[in-house]
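1. sequence isn't available, so here's the structure alone:
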C-alpha cells in the first residue's frame, strides 16, 4: 500500500530544490526590471521569471493553445517526469498524445505559478538585491497576480487568445480569474473542483497548515535556507492535514478501513498500527522532499484571499457580464473541500450573465483528488468539451 | 468574537496542571497495589486513582445514579468550575438543578477517564516507581480500560446498577462499552454523537494531531515535564485540527464567513487577517493551558483502537445480544466527525439484538459540538428519555 522509496538526505533535497527554484529543468521566460509584475499588494516585482513546459505545436493561426493551470503543490511538469522526484507528470491521465488534452492537436502551455518553488519567482528564488533566497521578503501574492504573470507569458509567446484555460482546485481558481480578468483572451474555460472564493473551513485548514510550518523551530522565520535547516516536520504535518481533505471519508474507508499495517494485533504504542496512519506519514515525509515550506505559506495564502465576487462589489455575476467564453464546470460528489454547491453557485452566476456553460457533477467516492485520477466519465467530459469547443473555434481535426 | 483572557506563563500553567494530575480539585478514589486495573495491553496498573465529581444525592434504593462520561478533552468538572481555567462546567446546559440531568433528582457521577490529566491516573501522574511523571511509561489504554476503571469506582460507591450512563463523542463510546461489557449494570444508556468504532478518516485526523505533538522538539519524547519544556506549539496545532472537525462547514461560514479580523483590507501578510484564523489560533493557545500533551496522545489512541464489533467476531449485534438496557441514540445532521450513518449502524445492530432503542437525528448546523451547546430539541429529548426511563425504573418524581 505504501510505496517505499529511498529518501535523499534533507540537505541533498534542499540543494536540489534550491537549484530548481532559480534554474528549472524546463523553459524559462525572464522579465527584466523594465517589465515588472504589478502585484495586488502594491509591489512591482522585477525582475522575475516564469518557468513553464510546452507540449505539441502551435498552429499557424496561433489558435490551438491550451493553458493548463496547476493546483497548490503542482508544477509545470504536467506531462513530463518531475526533475526532483523522478515521478511521472502530475496529469498524465489528461495531457498527452491521444489524451483528452491531446498534444497531437493542441499546443499545451503549463507554467509554474508565481510564488511556487519550481522555477517561477517565489520565496525560494534568489533575491537579486541580496543574493540570498527571498524567504518572507518575497511579496505576498494572489491568484490574480499569478494570472497576470501568465498573461505576460502568453504575450511573450505571441498568443492573443487562448483556445482554452484548464485547471482543477487552485488551478480552477486561475481558470475563473482568467475569464474574469481577460474574457476576450479565453475562448473556452474548463474549471474543475474549484470555487470562486475560499470558504471559512478551507481557510481554517490552510491556517492550520501554516501554523504547523511556522511552529517548527527549524523554520527560522522563513530563513531556513541560509541557516541550513529545514522545517520538514512542520511541513509534513501541514501536508498530512491537507491530504485528509483531498480524500473522501468513503475513499479512506475503501482504501484502508481499520486495517492494521503488517500486523494483526495492536501494538499498544504510538507506532503506525493502522494502514491509514502509515500512509499519511508517507504522504507527509515524501512531500517535504519536493516542496518548499515558504512556498506552501504563500500559495495557501493566495487561495485564502481569492474571492471573485469580493472584487466585483460582492456580485459574482458582475464578474462575467457579457462574457463570450464557453465554460465547462465539473464537480465531484465526494469532494468536501470544493463541494458541488460551490460549483452550482458559479454556474448560477454564469447563467445570470447569459454565459454559455455546461455543468457536470461526477459520481465518485474519490474526493477532491478525483480530478487527478483515472475517472473515465470525467476524462470523457473533458474530451467532449474540448472537441466541441474546437469545432466552434474552427480547429482542424475537430 | 475571540475572548481575550490573560494567559498565564507556560511554566505556571504546567505547574498547576501537574498539581491537578496527582491532587485533583475533586473527589478521588484510590486503588492500592492489591486492586490493580487489568488493562487490555496486558499490564496490571497499580496503584491507580480515579478523580471524580458527584452532584445530587444517592437515594436509599441506590437506584438513581447517572454516570456521565466525558469526551476527549473533558474532565470530571461537568457542572463545576474548572480549577485551572476558571470556566463553567463543560456541560452546564445538561447537568444541574432542573436541567435534563436533574441533580435535584439524580445522583450524578462524573469521573475523569484513565489516561487523562485531571486527577485520574495517566501519563502526567507521578509514577510511584520513579517519583517522576509517567510520560510514555504509562501503559497505552483503551476505551474498555476506561470503563473497567469506572466499574471499579461504581463498586466502591456501592452502586450495583446505574440508572443511566450518558455521554457524547468519546463519552458515547464509553456508554456503548458499558452496555457491551456490563449490560446488567446499565438500566438505560444515552449515546450521543458517537460510533461503535473509529473511522479511517477519524484515525487520520488523530494521527495528524499526534504527529503535530511529537514533531515539536519541546515534546522531548514525552519527558517534557522533567525537562521543564512544553510542546505547546505542537499541541496547539493538534487542537486546531481537531477543532475544525468539531464544527460544520456551515457553522464556520455562519460564524466567520470570510470576514476580516479588525480590518477591512487584507494585510498581504501571514497575520490572522480572517476572523476564522484568529479564532483557531485562540482555540489552540487556550487549550495548551489546560491539557497535557501526552494525555492527548493516549486518549486519541484509545479512540482509534475502539471497535466493539472487532471485539465480537466482527458482528456488532453480538455485542448487544439479549440486552435489557433502554437505549437512546442521538446524532446531529451537520456532524461530519460522527455522522448519522454511524448512529444508524448502531441502531440497526441494537434492533437486530431486539434491544429497546429510540433514535433521533437532530437538525442543526452546529456540527459535532452541538451536544455541548444549547440545542433545545436535543435537551428536550434528553429530558424526555430520562423521565420515561425513570418511570420504568420506578423513580420517585417521575
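-> Everything's here; your move. Remember, predicted model here, so these are calculated numbers, not experimental data.
2. surely residue A:177 touches residue A:307?
-> No. Counting by C-beta atoms under 8 Å, no contact exists between residue A:177 and residue A:307, whose distance comes to 10.7 Å. All C-beta spots, glycine's among them, are computed from the backbone N, C-alpha and C.
3. with neighbour numbers in mind, choose between these two.
-> Under the neighbour definition other C-beta atoms under 10 Å in any protein chain shown, residue A:177 and residue A:307 were set side by side, and residue A:177 has more, 25 against 18.
4. any idea how far that one is from residue A:112?
-> As defined by C-beta to C-beta, to the nearest Å, residue A:177 lies at a distance of 17 Å from residue A:112.
5. and the residue nearest to residue A:93 when sequence neighbours are not counted, helix, strand or coil?
-> Here the nearest residue to residue A:93 in space, its sequence neighbours aside, is residue A:374; by C-beta to C-beta, 6 or more residues apart in numbering or on different chains that works out to 5.1 Å. With DSSP: H, G, I helix; E, B strand; the rest coil as the basis, residue A:374 sits in coil.
6. kindly report the same for residue A:334.
-> In three-state terms, and counting by three-state DSSP, residue A:334 is coil.
7. hmm, it is touching residue A:361, no?
-> No. The pair residue A:334 and residue A:361 does not pass the contact test of C-beta under 8 Å, sitting 10.6 Å apart.
8. from the centroid of chain A, which residue is nearest?
-> Nearest to the centroid of the C-alpha atoms of chain A, with distances taken as C-alpha atoms, centre = their mean, sits residue A:71, at 1.1 Å.
9. surely that one is in contact with residue A:169?
-> Yes. In this structure, residue A:71 is within contact of residue A:169 by C-beta under 8 Å, at 4.0 Å.
10. what about the stretch 51-200 of chain A, any weak spots by pLDDT?
-> In the prediction, the stretch 51-200 of chain A carries no residues with pLDDT under 70.
11. what residues does it have near chain B?
-> If contact is defined as C-beta under 8 Å from any C-beta of the partner chain, the residues of the stretch 51-200 of chain A in contact with chain B are A:136, A:139-140, A:197-200.
12. grab the nearest non-local neighbour of residue A:213.
-> Take residue A:213 and drop its neighbours on the chain: the residue closest to it by C-beta to C-beta, 6+ apart is residue A:234, 4.3 Å away.
13. A helix includes that neighbour, no?
-> Yes. Using three-state DSSP, the secondary structure at residue A:234 is a helix.
14. what's near enough to touch it?
-> Residues counted as contacts of residue A:234 (C-beta atoms under 8 Å, 6 or more residues apart in numbering or on different chains) are A:212-216, A:218-219, A:293, B:215.
15. can you lay out the residues you listed as CSV showing distance to residue B:65 and neighbour count?
-> Formatted as CSV, the contacts of residue A:234 follow (distance: C-beta to C-beta, whole Å; neighbours: other C-beta atoms under 10 Å in any protein chain shown):
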residue, distance to residue B:65, neighbour count
A:212, 44, 34
A:213, 49, 26
A:214, 48, 19
A:215, 44, 24
A:216, 48, 27
A:218, 52, 18
A:219, 52, 24
A:293, 53, 26
B:215, 43, 24
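16. okay, and which of those map to helices?
-> A:212-215, A:293, B:215 (DSSP state H).
17. quick check: closest non-adjacent residue to residue A:11.
-> Using C-beta to C-beta, 6+ apart, the nearest residue to residue A:11 is residue A:228, at 7.4 Å.
18. how many residues are close by the one you found?
-> Here the count is done by other C-beta under 10 Å, and residue A:228 has 11 residues near it.
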